[in-house]
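>>> I'll drop the sequence and a predicted model, then ask my questions.
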Amino acid sequence: MADRFEEMRVLVAVVSGGGFAAGADRLGVAKSAVSRRIHELEDRLGARLFDRTTRRVQLTETGRDFHDRALELLAGLDDAEEAASSASGELRGRIRVAAPVSFTAHCLAPAVGQFLERHPAVTLSIDTDDRKVDLVRDGFDVAIRIARLPDSSLVARRLATIRHVCVASPALLERYGMPQEPEYLSRFPGVTYSNVDEATYWKFDGDVLPSVTSRIQFGNGDAIREAAIAGLGVAVLPTFIAHDAVRRGALRIVLANHMRPPIAMHALHPSMRNQTARTRAFIDFLVDAFGSEPFWDHDLFGGSMASQSR
């Protein structure tokens, strides 16, 4: 039975990774070992679980059904193990987290040490990707998402308020002048975020949408910040990315009175029925760590933001 559970874990890793090589990386084993396990599983079941081409690996209809049931069985095993171990009062096991790249680097990674100290038998596996993931299909326990959330079957818990600022380098402002209204940005070159539609990226309070010529795009907020520091253009960044560069004078905030309303950062997880005690503890920790006025906004604005709505 243990081998069968291991086969399920291998299959789930291949699906969540999007291929045999990525699945092997997630498991920390050789790709050949993963391929062998999947072949053995297909032989035992007498069914093909994956359609394989030179470019991609995709579940068959039978494979999708088996994968969905494997997720349920693995979750049940996880719950049973946790229930047995919790009798000692100690949380244990792995928590898989999906989180944005820059937020992880600036905020999450420095904070999680406290959680691990409190729960030494728990391990964290944090995947950084700014694109949305499917929590159930990809096997994540928690996803941290900065966006206005559509209706879904996932449960969301608010973690923090995320504010954005429009920033430019001192040299760029010396060249083009200090903008007084958003429309003035049409004179500026821009640096944009490739994962967000430009109409959303450049939208200011009152749905004002200046016509900015974007000279370069990045799929990562830190890269946008560095390009703005280098004077390649004006940019719109979350304050947790911009705050240090603004504090040391490498960037200046412009149009502060015209920024669009803040949005919330949430922790998303599947339904409460499937939530483990360690996942609940981790989300509680995130709320405690980031739920009050975030340190990055305090750095920029002092206590002036505390009275604004969260």
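Now that the structure is in, tell me what you want to look at. Numbering: from 1, shown residues only.

>>> Next one: A24 from C107, what distance?
From A24 across to C107, the span is 30 Å (Cβ to Cβ, to the nearest Å). No exception for glycine: its C-beta is placed from N, CA and C like everyone else's.

>>> typed the wrong thing, it's P100
For P100, the distance to C107 - Cβ to Cβ - is 10 Å.

>>> the helices in the stretch 1-150 of the chain, which residues?
Using DSSP state H, counting those that start in this stretch, the helices of the stretch 1-150 of the chain run over 2-17, 20-27, 31-45, 61-85, 101-103, 109-118, 135-138.

>>> quick check: mean pLDDT across the helix or strand L268 falls within?
Using DSSP states H and E, L268 falls within strand 263-269. What strand 263-269 shows for mean pLDDT is 90.

>>> quick one: buried residues of it?
The neighbour-count check on strand 263-269 (16 or more other Cβ atoms under 10 Å) flags A264, M265, H266, A267, L268, H269 as buried.

>>> Run me through the strand neighbours of it, direction for each.
strand 142-146 (antiparallel), strand 155-162 (antiparallel) (DSSP bridges).

>>> for the ones you listed, which one ends up most surrounded?
Ranked by mean neighbour count, these are led by strand 142-146 with a mean of 22 (mean count of other Cβ atoms under 10 Å).

>>> more crowded one of P100 and C107?
Neighbour totals were compared for P100 and C107, and P100 leads with 26 against 22 (other Cβ atoms under 10 Å).

>>> Looking at the helices of the stretch 1-150 of the chain, which is nearest to R225?
Nearest to R225 among the helices of the stretch 1-150 of the chain is helix 101-103 (8.5 Å), distances taken as Cβ to Cβ.

>>> What helices and strands are in contact with the closest one?
Judged by 3 or more Cβ pairs under 8 Å, 6 or more residues apart in numbering; DSSP states H and E, helix 101-103 is in contact with helix 221-229, helix 239-247.

>>> Quick one: distance of it to the chain centre.
Averaging C-alpha positions (Cα atoms, centre = their mean, to the nearest Å) puts helix 101-103 7 Å from its chain's average.

>>> thinking again about what came up before, between the buried residues of strand 263-269, which is closest to P170?
Each of those was scored against P170 by Cβ to Cβ, and M265 proved nearest at 29.8 Å.

>>> Beta-bridge partners for that closest one, please?
I146, A160.

>>> distance of it from A109?
Distance, M265 to A109, using Cβ to Cβ: 16 Å.

>>> go on, L41?
In this view, L41 and A109 are 36 Å apart by Cβ to Cβ.

>>> one step back: same list (the strands paired with strand 263-269) but as TSV, adding distance to E226 and mean pLDDT.
Formatted as TSV, those follow (distance: least, Cβ to Cβ, whole Å; pLDDT from 0 to 100):
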stretch	distance to E226	mean pLDDT
strand 142-146	20	90
strand 155-162	20	88
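
>>> Helix, strand or coil: sort out S214 for me.
strand (DSSP: H, G, I helix; E, B strand; the rest coil).

>>> isn't N220 right next to T128, touching?
No. With contacts counted by Cβ atoms under 8 Å, N220 stays clear of T128, the gap being 9.8 Å.

>>> list residues touching both of those two?
The contact sets of N220 and T128 overlap at V101 (Cβ atoms under 8 Å, 6 or more residues apart in numbering).

>>> Of all the helices and strands packed on helix 101-103, which one comes closest to V15?
Of all the helices and strands packed on helix 101-103, helix 221-229 comes closest under Cβ to Cβ, at 28.6 Å.

>>> helices and strands around that closest one, which ones?
Packing partners of helix 221-229 (3+ Cβ pairs under 8 Å, 6+ apart): helix 101-103, strand 164-168, strand 189-193, strand 213-218, strand 235-238, helix 239-247.

>>> so what strands line up beside the helix or strand just after the last one?
If I follow you right, that is helix 239-247. Following helix 239-247 in sequence order, the next helix or strand is strand 252-254 (DSSP H and E). Paired with strand 252-254 in the same sheet, following DSSP bridges, are strand 164-168 (antiparallel).
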